[in-house]
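1. Below are the sequence and a predicted model for it; my questions follow.
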Amino acid sequence: MTRTRTGALLLSALLLLAACAEPTSGVNADPSVPKTTPNSAPPIAAGPVLTHLVDTLADAPADTTSGAYQYLERRTWYRDIIGPPGPSGWPERVRIDQLWRTDDAARGRQVSVHVAADGCTPDGGEASWTGRASDPFDQPPPNKPAELRAHLLSAAGPGEHRPEQHIVGGVAMLYERQALARPVRAAVLRLLAGQPGLLVRTGVADRVQRPGMDVIVAYTDRSGVPRRDILTIDATTGVLLAAFSTIAGPIPPQDPSLGLDAREAILAEADSYRLYVDSRRTPDTHTPAAGCKHPAAKP
């Protein structure tokens, strides 16, 4: 499983290192698909909306399935930033990651593939997976907001001063490795509801047209770039559907030591988008089908 840092760019780093709902039958590899709908509402304060969702939270697949393994599946759109950009920028990629893991993270399986219009390519082959005892995101998450806050912030450096951004990034990281049952999802929503400055936009959809709401945190990163980190969550179950970052204003001149392509790299990073496709329990590490045999990996 890809390990990423929490920090001022946790969500962006998570997407760049590319790599609940019912599984979908295919891959929409077009990164230009709008993430809002004609019915999207203007952003409003997140607290009341998320608190109401907690009060009406419905079951998700993680609540209604059983088995010794948690199953996580995600799909990531990203730019392959290697070498100088070509005439149309860096090439676009779509990656599917599947992870099976026991609750104690001691046993599991990981399979990753790249998909394109002309087929599916294994990425690194299959591997056994075990978590790290020292990594909080591999451990069972607390279901009380105060304890969950400490859990999500445990990897943020002592000099970091944007807890709301680390919490938003930490929620995305949590869904990388955990099929969250209702009590933990409720704690996540209560924690987000209590963060000052967070906004919610209702009436949105993710890239496979699952309806939801966007939870938005705005900030300026260390390079002076205004950004918004966004979590799209299901407005019924509270399951995370997608995570991405956007550039919210002009990009200031960058340090020349970063190279001539620094601005283009920032724009390419903003193309990254992660879809959380499936999050549930399974009886073994072969359900559903893995890799290029998985229906979603067949363009």
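-> Yep, that arrived. Quick caveat: nothing in here was measured; it's all calculated off a predicted structure.

2. Relative to residue 262, how far out is the residue of the chain positioned farthest from its centre?
-> Taking CA atoms, centre = their mean as the measure, the residue most remote from the mean C-alpha position of the chain is residue 256, 31.3 Å away. According to CB to CB, to the nearest Å, residue 256 stands 8 Å off from residue 262. C-beta coordinates here come from the backbone N, C-alpha and C atoms, glycine included.

3. got any ranges where this protein has weak pLDDT?
-> Residues of the chain meeting the criterion pLDDT under 70: 1-39, 155-161, 255, 257-260, 299.

4. which stretches of it form strands?
-> 44-45, 69-79, 92-102, 108-116, 119-128, 199-205, 211-220, 226-233, 240-247, 273-282 (DSSP state E).

5. And these: which comes nearest residue 292?
-> For the strands of the chain, the distance to residue 292 is smallest for strand 119-128, at 4.0 Å, taking CB to CB.

6. neighbouring strands for that closest one, and are they parallel or not?
-> strand 108-116 (antiparallel) (DSSP bridges).

7. which residues in the stretch 151-299 of the chain form helices?
-> According to DSSP state H, counting those that start in this stretch, the stretch 151-299 of the chain carries its helices in the segments 163-177, 182-193, 262-269.

8. ok, back up a step: the strands of the chain: which one's closest to residue 173?
-> Among those, strand 240-247 comes nearest to residue 173, with 9.2 Å by CB to CB.

9. Now that closest one: buried residues?
-> Of all the residues in strand 240-247, those buried under the rule 16 or more other CB atoms under 10 Å are 240-245.

10. Now distance to residue 149 too, for those, in JSON lines please.
-> Shown next, in JSON lines, are the buried residues of strand 240-247 (distance: CB to CB, whole Å):
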{"residue": "240", "distance to residue 149": "17"}
{"residue": "241", "distance to residue 149": "22"}
{"residue": "242", "distance to residue 149": "23"}
{"residue": "243", "distance to residue 149": "19"}
{"residue": "244", "distance to residue 149": "23"}
{"residue": "245", "distance to residue 149": "22"}
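
11. ok, the residues you listed vs residue 229, which is closest?
-> Scanning the buried residues of strand 240-247 for proximity to residue 229, where the rule is CB to CB, the winner is residue 245, at 5.1 Å.

12. hang on, isn't that closest one packed against residue 271?
-> No: Residue 245 is beyond contact range of residue 271, at 9.9 Å (criterion: CB atoms under 8 Å).

13. got a list of what residue 133 touches?
-> Taking CB atoms under 8 Å, 6 or more residues apart in numbering, we find residue 133 in contact with residue 139.

14. Could you tell me how far it is located from residue 105?
-> Using CB to CB, which is the criterion applied here, residue 133 is 8 Å from residue 105.

15. joint contacts of these two?
-> Listed as contacting both residue 133 and residue 105 by CB under 8 Å, 6+ apart are residue 139.

16. and the nearest residue to residue 131 once chain neighbours are set aside, backbone torsions?
-> Distances taken as CB to CB, 6 or more residues apart in numbering place residue 105 nearest to residue 131, at 2.7 Å, with adjacent residues excluded. When read as degrees, to the nearest 10, the backbone of residue 105 gives phi 60, psi 20.

17. What's the local residue count around residue 105?
-> 21 (other CB atoms under 10 Å).

18. my read: it touches residue 130, true?
-> Yes: using CB under 8 Å, residue 105 is in contact with residue 130, at 6.5 Å.

19. List the residues that contact the closest residue to residue 223 other than its chain neighbours.
-> Nearest non-adjacent residue to residue 223, counting by CB to CB, 6+ apart: residue 254, 6.3 Å away. With contacts defined as CB under 8 Å, 6+ apart, residue 254 is in contact with 223, 262-263, 266.

20. cool, and residue 153?
-> Counting by CB under 8 Å, 6+ apart, residue 153 has contacts 6, 163, 166-167, 170.
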